[in-house]
Each structure stands twice: as structure tokens, then as C-alpha cells.
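J.: Here is a sequence together with a model predicted from it:
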Amino acid sequence: MRTPRGWVLTWGLAWATAFAYAGALLAGERVDASLRDYVLGPTLALLTVAVGLAAALRTTGAARSESWLVVAGVACWTAGNLYYLTSDALGHQPELPSPADLGFLAMVPLVAAAFWLRARRQTRSAGGRVALDAVLAALGITAGLASGLGPVLRRAEGAGLDAAVLLTFAYPLSDLLLVALVVAVAAARGSWPRDAWAWLGGGLLVFAAADITFALRTAADTYAVGSLVDALWPIGLLMLVTGLLVPDRGDQSQRSGTFALLVPAGATGVAVTVLVVDRWTALPVLATVLAACALVVAAVRTQLAFRQVVALHGAGRQARTDSLTGLGNRRALYEDLHARQAAAQQVAVLLLDLDRFKEVNDTLGHHVGDLLLRQVGARLGPLLREQDLLTRIGGDEFAMVLVRTGAPGRTGHDGQMSGTARERDVEQVAERLVARLHEPFELDGVRLRIGASIGVACFPEDSDEVNGLVQRADIAMYAAKAGGGGVRRYDAATDLHSRQRLATLEQLRTALRTEEIVAYYQPQCDVATGHVTGVEALVRWQHPTRGLLAPDAFLDLVEQSGLMPELTGRMLGLAVRQCAQWRLDGLEVGVSVNLSASCLLQEALPDHVARLLVTHGLPAGALTLELTENSLLEDPERCGANLLRLAQLGIALSVDDYGTGYCSLSYLRDLPVHELKLDRVFLTDLDVVRNQAIVRSTVDLAHALGLRLVAEGVEDEASLELLRDLGCDLAQGYHLCRPRAANQLTGWLRGRVAGTSYDCARLSETSSHHGPVPRT
Ligand code: C2E
Ligand code: CA
Ligand code: CA
């Protein structure tokens, strides 16, 4: 167990002494008076100073000087008190004024300075108002005090003002002025003081109570050391220093209208009471004058408060409004949803996102984009009911809250019962909203059509919590968007799917850093001789739980998440290293690696490849990069430049899946391509005359352009034979060999690479007219 800190012990001891002292005072005769007055009392006062010192030493930052000021004030008061008690013990109770009053008086400006600094620090934005409130509170308090201290004042009015009267009035007055400041700070902060201010204000109140009692008793000549009042002073001070130990909660200004009016209302109440009471029993003139002043200042302050309340209201509305469309904003949406959730109202949240809004903004300018957004808002509004809410929550996203009270008349054609009729109601509204937005917009003379996607989530079925509800509407909206627009109700299954996708993405990132991404290799054979000339590297993911995954299980995700360059880099590294190894082992094969369009556009690609080749000592001629037709079309200029640099390195380039894309012949003529890989769709039904014709003419085209032709997807002997007859150069397919891991393929390659005969005997007997086109 940790030993309590020194300050905790001091603080505890001080309060224990305070209770003992108060108890002793209450017990009266039963406790030894000199022990009580001259031991317990001074001990408490000194302990209070000690607590103050401990607090000041613990305080850091801006509050530090404030704490020291308070401690100094408390120390002065204690000094005065000790002087007073010593004189009293020695048998001569000091008259007013005495040197003790120097100490008592010195406390006031010190504590006042501390309070003022503190108030300024915590209500920076409301300085003027705090000052005015403080003045007003002070006027109200002094008016009340002047009435209450009538006897003291009357003695003064009769006998002329002497120092004694002034002091008796000044003590409670100064305490209460400080209380006024605390009240003003509370009014500015918009809440009752609950933190340090509560202790500070409370301490002052107790202290003021002691001073007022003292003033009244002195006026009546009934005060003597040893009355209960004596405990109130140190207890008030102890509360004050306790306030220094309590952490500040800073400026929490949630200014509420009620609080802005607190001080004027209070002061007015006191002033009016004073004036009314004055009608029956004459109060001191000073009291009525102060009351009148308080009324005037209160009138001014109320004016200001009124404006403040109006401004607050305006600011509140502004904070909830979207300035472009005048609709509610995201905050308004959440407030509304929270309110409806609290009222257990059955609602649906509709999130609407415009399709292709970015294009409008980019091509027609922000001005037109803004116009469009305003018109969208104006179109949606009339389709909603009065109790619904329409907001714009950002960019081109609108959110609606629809009340799902389906009137029985709205039941669908099939006459379903009310439960589902409600659901249908919401989705029908959503469909109508989308349809309305489909109608052309007229923007600055431009006629424009725009689509929208809406996601729907219902409270409480889809989520009984506001954030969850909006999030699910968002998921549904994205599902709608992915499905080409329209309306989509939140579906937990799709959500699960998207979560799984996210999880997979995370695993994929890990996979790329570890050994989970591996290369399988599928051989390519010379159709004429049967020799293996090269292998194609095909990516596989050795997934820790799902087993070996084929590319179609994860390549889309890789591409969408921008991980393709990383994956390609890894595949290139694996393939080049493996190929170099095979060649070291005497297996003279080449290797082909697939490149996606996104990778081909990377400027650093040629240098990266060149470095890899050097690192592993592989001749450039042994590497082929496969590109799909369409990837060549993506950005012809940048892609052309990269292709040229790769070709200059001596790397062969192959057009993959040839025949399925949109490549024009001029591209084949102009780009530095070396190989066409006829897509396997043309190989599936080779007995169909048309397919044969396609293969034949592609062979002819390739050879005419000086390219070699590879047939993919060769699945049977007949196809292979036909390819040989048609003059195809290379073949790849399950019939020859399925893709395998490198170590499983090495054995297979031995005996099939250059010189060794290939298992299909007939092939090796017949030689083709068209040998592979030599690489340029
Ligand atoms: P692709 O480039 O057309 O690769 C040939 C695909 O056909 C491979 O599928 C291969 O296993 C399969 N195949 C080979 N012979 C036959 C056959 O006789 N019949 C049939 N039906 N299929 C055959 P895989 O390995 O599943 O790869 C699919 C696609 O994934 C590849 O098509 C390629 O586009 C892509 N891919 C594979 N590895 C990579 C890579 O490292 N990078 C990139 N960017 N894409 C890759
Ligand atoms: Ca390929
Ligand atoms: Ca292919």
C-alpha cells in the first residue's frame, strides 16, 4: 500500500482539528476554555496555512501565482489572529482598530487579486460580462448587507463615521464582494460551481457569515473570544485553501440562457425587497441608494443578457445548419436521431450519395456543383413528410430521417400486413427520391442528368444505437453504389462480407511481408519440338487458414487496395531468382511474369527490373513480361515509354489474353512487342471451324508482324496436334503440365529442356515449318 502524501495528512489533520475546535466551542463550559481558545484555535489557523502552502507547492502553470496569493492572504489573516489571541490571553482584548486588523485587512486584496486572476483565466471570452455581473452582484449584496447591518450603520449615522464602524462594515462587505465575483464567474460559465470554485465561494460565504455575526455582536457589544463565530473564520479559510487542492475543470462555458440571467434576476430581487421593506421600516439611506443603483445596472445587464440569449439561439441554429443548402447538417442529424432514439420512435435513416458528382465539380466547376447541391436539396424536400428530417452531411451526401409510421392505406398491391408495409413505405420513398433525382437538372444553361445511391437502415432492427444506425446506412449506401446506384436496405450478410474483406486485406498486407505469397510455375513448350522453353510465374497465396488460394480469390482486392506494385515486385523477385537458379542447375528456361496495368505505369519499373536482373545474374533475354491488351491502352504515352525502356534492356514483352481486349493492329505494329498469347477461350472448342480459323489467322498475323504465338489453355492432345498443324509456336496448358511449386517442377523440367525428348513422342517426330521467332 502506498503511504499517503504529506499534504493529505496535513489536510486531514487540519479538518480533524477544525471539528474538534467547533465541538469544543459548542460544548461551552465543559471544555477548558484556555486550551480551546489558545491552543486548538491557533493550531487550526497554523494548520490551515500549512495546507495552503502544500497546495501552492503542488500547483503548476498559470494557477500557481493565484495559489500563492491566497496563501499569503491566509498567512496575513493568521498573523493578525495570533496577535489578537495573544493580547486576549494576556488580558487585554484589542479594541477596534488594532494591529491585528492590519493582518485581517491585508488578506482582502491578496485573495481578491487571486480570484480576479482566476476568473480572468477561466472566462477569457466573457471578461466584460463577468465584470458587469460582479458589479451588479456586489450592488445587490451590499444593498442587502446595508439593510441587515442596519444597527451598525445607524450607530455610524448617529456618532459619525469612525474607524471601528468602517471596519465592521468593511469586513463582511469585502467578503461578499468576493462572493459576488464567484457568482459572476458561475454565471459566465453557465453552471453552478462544482469544482474548485465551489470550495472558494463556500469558504468565503462561511467567512462572511463570521464577519457579519462579529459586526452585529460588536455593535451590540456582545462579542467575546470563545463564541462559535471563532470557528467559522478558520473553517472558512480551510475551505478556501481546500479549493486550491481541487483540480480545475477549466472553462466549460456551455452558456445557457438561464445562467446569463441569474445575476440580474438575483440582484433585482434583493433590490426590490430592500425598497419594499423600506416602506415599512426605515432602512439606512445607503441601503436604498445601493438598491436603486442595483436596479439600474440590472436593467442594463438584462438587456445584454437578452441579446446574449438571442445570439446563443442564433449560434445554436447556425451550428446545426449547412450554409450552402440551408438544410440541417451532420450535427442536426445526430441531435435529431438521439432525440428520436430517446423517444423510441421507429425511424429509418436514408443516406444518399450523388453518383459522379466529382465529375460535375471537376468539369463544370464548383459553382455549378454548388447549384446542383442546392437543387438536389430543393427536390428532395417536397417528397418528405413534415415530421421527417432532411440534412446535408458533407460533400454530395444527404441524410434523411424518415418516420416509419405506415398508414394502412399505403399497403402494397399484395396487401401485406402492416409490419412489412412499413418497411416498404420507406424503401418506396427512397425509390421515389432516386427517381426524382434522375430527372434532368438545368444548371446555368447546362442540362445535366445525375444518378444517386441510397442506403437505408432502420431503427431499431438494424441498430438500436445512433452511430451504428448511420454507419449501417452508409454500408448499405456503398452496396447500392457498388451495384450501380439505386436503393439498398442494410443487409447484415453484405456487411459481414465487407468486414471479411477488410480482414482479408489486413491478412494480405501481412502476407506480402511474409512468405505467404508464393510463385507457382507453368511450363511453356515448343509445339514443334516439345522442348520446354520457359515457365510462366503464377501467383498463389498460401493462406494460414484457407489453404492455397488462386489469384482470382484475391487479385481484385490487391488491385483495389493499391497493393499491386508490391505484389508484382515480390513475384518479379521470386521468378527472377528461381529462373537464375534453374539456369545454374543447367536448365536453360526463360520465365514470364504477369504485369498489371497499374504496374506498367510505374515509372520506376524498368530500373527496378534492370537491377533485379543484375542482382541475380539473369540475362534480360530470359525474362518475358506479360501484359493484357487493355493495359496497353490505359495511358498509351506513359506506358509506351516504359515498354520501350524495357525492350531496350532486352526483355521480351507479351500480349496476354490476346483476342479478348480492344487492341488495334496499329498498336501491335507500333509497340515493341515480341509475343502474342492467344486467350484460352479460342482453344476450348477447336473442332469448331470458326475457332480454328481464328487460331490460323492469328498465327499468320503474329508471324507477319514478326511475333511468336503462344496458345494458352491446351487441355488435350487433339488441340496440341491441331496447333502444330496450324503452325503455332508455343503451347501452355493442363495437358502439358499444371502450374506447380518450383521444387515440384524442377524434376519435371529435367529431361524436357533443350535436347531431351518430350513425353509426347509424335510431336518430337514432326517438325514445324515455323520455328519460334527469335527474340529481337
Ligand atoms: P493468365 O495470365 O491468363 O494465366 C493463365 C491462367 O490459366 C492460370 O490461372 C493458369 O493456371 C490457367 N491455366 C493454365 N493452363 C490451363 C488449361 O489448360 N486450362 C484452363 N482452364 N486454365 C489453364 P491462374 O494461375 O489462376 O491465374 C489467373 C490469372 O491471374 C492469370 O491469368 C493472370 O491474369 C493473373 N495472375 C496470376 N499471377 C499473377 C501475377 O503474378 N501478377 C498479376 N498481375 N496477375 C497474375
Ligand atoms: Ca499470363
Ligand atoms: Ca492469359
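T.: Nice, thanks for sending it over. If you're wondering where the values come from, they're calculated on a predicted model, not measured in any experiment. Ligands and ions are numbered 1, 2, ... in the order given.

J.: for the helix or strand Ala305 falls within, packing partners?
T.: Using DSSP states H and E, Ala305 falls within helix 285-319. Under the contact criterion of 3 or more C-beta pairs under 8 Å, 6 or more residues apart in numbering; DSSP states H and E, helix 285-319 touches helix 127-148, helix 150-159, helix 257-260, helix 262-280. No exception for glycine: its C-beta is placed from N, CA and C like everyone else's.

J.: Check the offset of that helix from the chain's centre.
T.: The chain centroid and the centroid of helix 285-319 are separated by 39 Å under C-alpha atoms, centre = their mean, to the nearest Å.

J.: sorry, back to before: let's have the helices and strands packed on helix 285-319 in a markdown table, adding mean neighbour count and mean pLDDT.
T.: Putting those into a markdown table (neighbours: other C-beta atoms under 10 Å; pLDDT from 0 to 100) gives the following:
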| stretch | mean neighbour count | mean pLDDT |
| --- | --- | --- |
| helix 127-148 | 23 | 79 |
| helix 150-159 | 16 | 65 |
| helix 257-260 | 17 | 62 |
| helix 262-280 | 19 | 85 |
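
J.: can you tell which of those is closest to Ala332?
T.: Closest approach to Ala332 among the helices and strands packed on helix 285-319 is made by helix 257-260 (20.0 Å; C-beta to C-beta).

J.: What is the burial count for the residue of the stretch 351-500 of the chain found nearest ligand 2?
T.: Closest approach between the stretch 351-500 of the chain and ligand 2, counting by C-beta to the ion: Ala482, at 27.4 Å. For Ala482, the neighbour count with other C-beta atoms under 10 Å is 12.

J.: Going forward, the N-terminal residue is numbered 790.
T.: Got it, first residue is 790 now, which makes that one Ala1271.

J.: roughly how far apart are it and Ile1264?
T.: Counting by C-beta to C-beta, to the nearest Å, the gap from Ala1271 to Ile1264 is 11 Å.

J.: mind listing what the residue lying closest to Arg853 once chain neighbours are set aside touches?
T.: Once flanking residues are discounted, Arg853 sits nearest to Ala845: 7.2 Å by C-beta to C-beta, 6 or more residues apart in numbering. Counting by C-beta atoms under 8 Å, 6 or more residues apart in numbering, Ala845 makes contact with 853, 856-857, 859-860, 1033.

J.: Please export the C-alpha coordinates of the helix or strand encompassing Ala845 as CSV.
T.: Per DSSP H and E: Ala845 is located in helix 830-847. In CSV, the C-alpha atoms belonging to helix 830-847 read as follows (Å, rounded to 0.1, in the frame of the first residue of the first chain):
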residue,chain,number,x,y,z
GLY,A,830,-7.7,27.8,17.7
PRO,A,831,-4.2,28.8,16.9
THR,A,832,-3.2,25.2,15.9
LEU,A,833,-6.1,25.2,13.4
ALA,A,834,-5.1,28.5,12.0
LEU,A,835,-1.5,27.4,11.6
LEU,A,836,-2.5,24.0,10.0
THR,A,837,-4.7,26.0,7.5
VAL,A,838,-1.6,27.9,6.5
ALA,A,839,0.3,24.7,6.1
VAL,A,840,-2.4,23.2,3.9
GLY,A,841,-2.3,26.3,1.8
LEU,A,842,1.5,26.1,1.5
ALA,A,843,1.2,22.4,0.4
ALA,A,844,-1.4,23.3,-2.1
ALA,A,845,0.6,26.2,-3.6
LEU,A,846,3.7,23.9,-3.9
ARG,A,847,1.6,21.3,-5.7
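
J.: picking up where we left off before, which pLDDT does the model give the residue nearest to Arg853?
T.: pLDDT for Ala845: 89.

J.: ok, now Thr848?
T.: Predicted confidence (pLDDT) for Thr848: 82.

J.: The nearest residue to it once chain neighbours are set aside: helix or strand, and which one exactly?
T.: Of all residues not flanking Thr848 in the chain, Ser856 sits nearest, at 4.3 Å (C-beta to C-beta, 6+ apart). Secondary structure assigned from DSSP H and E places Ser856 in helix 852-878.

J.: Just after that helix, pick out the following helix or strand.
T.: That would be, after helix 852-878 and using DSSP H and E, helix 888-911.

J.: For Leu899, grab the count of nearby residues.
T.: Applying other C-beta under 10 Å, we find 19 other residues in the vicinity of Leu899.

J.: I figured it was touching Ala861, is that so?
T.: Yes: counting by C-beta atoms under 8 Å, Leu899 does reach Ala861; the two are 5.1 Å apart.

J.: for the stretch 790-939 of the chain, what are the low-confidence residue spans?
T.: Under the criterion pLDDT under 70, the flagged ranges of the stretch 790-939 of the chain are 790-793, 912-916.

J.: Contact residues of it facing ligand 1?
T.: Counting by C-beta under 6 Å from any ligand atom, no position of the stretch 790-939 of the chain is adjacent to ligand 1.

J.: got the residues of this protein near ligand 2?
T.: 1383, 1415, 1445 (C-beta under 5 Å from the ion).

J.: Distance check, the residue of the stretch 1190-1339 of the chain found nearest ligand 2 against ligand 3.
T.: Closest residue of the stretch 1190-1339 of the chain to ligand 2, C-beta to the ion: Glu1325 (5.6 Å). With distances taken as C-beta to the ion, to the nearest Å, Glu1325 is found 9 Å from ligand 3.

J.: is that residue in a bridge, and if so with what?
T.: Gln1311, Ser1381 (DSSP bridges).

J.: Roughly how far does it sit from Glu1304?
T.: In terms of C-beta to C-beta, Glu1325 sits 21 Å off from Glu1304.

J.: okay, these two: which has more neighbours?
T.: Ranked by neighbour count (other C-beta under 10 Å), Glu1325 and Glu1304 place Glu1325 first, with 25 against 8.

J.: The spatially most central residue of the chain: which element?
T.: Per C-alpha atoms, centre = their mean, the C-alpha nearest to the average position across the chain is that of Asn1256, at 12.5 Å. For Asn1256, the element it lies in under DSSP H and E is helix 1255-1271.

J.: So what touches the following helix or strand past that helix?
T.: Moving toward the C-terminus from helix 1255-1271, the next helix or strand (DSSP H and E) is strand 1275-1278. The contact list for strand 1275-1278 (C-beta under 8 Å, 6+ apart) reads 1212, 1216, 1219-1220, 1223, 1242-1247, 1265-1266, 1268-1269.

J.: so how far is ligand 2 from Pro1036?
T.: 67 Å.

J.: Tell me, how many residues neighbour that residue?
T.: The local packing of Pro1036 (other C-beta under 10 Å) involves 8 other residues.

J.: who's in contact with it?
T.: If you count contacts by C-beta under 8 Å, 6+ apart, then Pro1036 has 984-985 around it.

J.: what's the answer for Trp857, then?
T.: Ala845.

J.: again, 10 Å this time
T.: Contacts for Trp857 (C-beta atoms under 10 Å, 6 or more residues apart in numbering) come out as 841-842, 844-846, 848, 899, 903, 1033.

J.: Let's have the residues you listed in a markdown table, adding distance to Asp1474.
T.: As requested, the contacts of Trp857 are exported to a markdown table (distance: C-beta to C-beta, whole Å):
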| residue | distance to Asp1474 |
| --- | --- |
| Gly841 | 98 |
| Leu842 | 98 |
| Ala844 | 92 |
| Ala845 | 94 |
| Leu846 | 93 |
| Thr848 | 89 |
| Leu899 | 102 |
| Ala903 | 95 |
| Leu1033 | 92 |
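
J.: Which two of these have the greatest separation?
T.: Leu846 and Leu899 (17.6 Å).

J.: leaving aside the residues next to it on the chain, what's closest to Leu1394?
T.: Counting by C-beta to C-beta, 6+ apart, the residue nearest Leu1394 is Asn1431, at 5.8 Å.

J.: Could you report the neighbour count for that neighbour?
T.: Asn1431, neighbours per other C-beta under 10 Å, totals 21.

J.: Am I right that Gln1313 is in a helix?
T.: No: counting by DSSP: H, G, I helix; E, B strand; the rest coil, Gln1313 is not part of a helix but strand.
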